[in-house]
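Trainee: All I have is the shape, not the residue letters:
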């Protein structure tokens, strides 16, 4: 357990928000090309892109809480 508050959590939240905004803007920018694909391909791509940002989230949250990546 922590005894003193750490700046990792507020800074981590700000970094997470900034990263999500950048990711969303990147997907919005790429949508001009994704939108030209057949509907079946778009149906496969958008759910994958909607979930892929979750992959690094576990380690990031562990770092925010403990200061370690593992």
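Mentor: Perfect, thanks for sending it. None of these values were measured; they are calculated from a predicted model. Numbers count the residues shown, from 1 in each chain.
Trainee: so who does the residue positioned nearest the centre of the chain touch?
Mentor: Among the residues of the chain, the one closest to the centroid is residue 53, at 3.8 Å (CA atoms, centre = their mean). By CB atoms under 8 Å, 6 or more residues apart in numbering, the contact set of residue 53 is 19-20, 23. Where you see a C-beta, it was placed from the backbone N, CA and C, and this is true even at glycine.
Trainee: Residue 42 versus that one, what's the distance?
Mentor: In this view, residue 53 and residue 42 are 18 Å apart by CB to CB, to the nearest Å.
Trainee: what's the average pLDDT for stretch 6-18?
Mentor: For stretch 6-18, mean pLDDT is 92.
Trainee: what comes up buried for that stretch?
Mentor: By 16 or more other CB atoms under 10 Å, the buried positions in stretch 6-18 come out as residue 12.
Trainee: Now tell me what touches that stretch from outside.
Mentor: 60-61, 63-65, 67.
Trainee: Over to stretch 40-48?
Mentor: 34-35, 37.
Trainee: picking that back up, list only buried entries from the contacts of residue 53.
Mentor: Using 16+ other CB under 10 Å, no member of these is buried.
Trainee: JSON lines for those residues, including distance to residue 5?
Mentor: Output for these, formatted as JSON lines (distance: CB to CB, whole Å):
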{"residue": "19", "distance to residue 5": "23"}
{"residue": "20", "distance to residue 5": "24"}
{"residue": "23", "distance to residue 5": "28"}
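Trainee: Helices - which of these land there?
Mentor: 19-20, 23 (DSSP state H).
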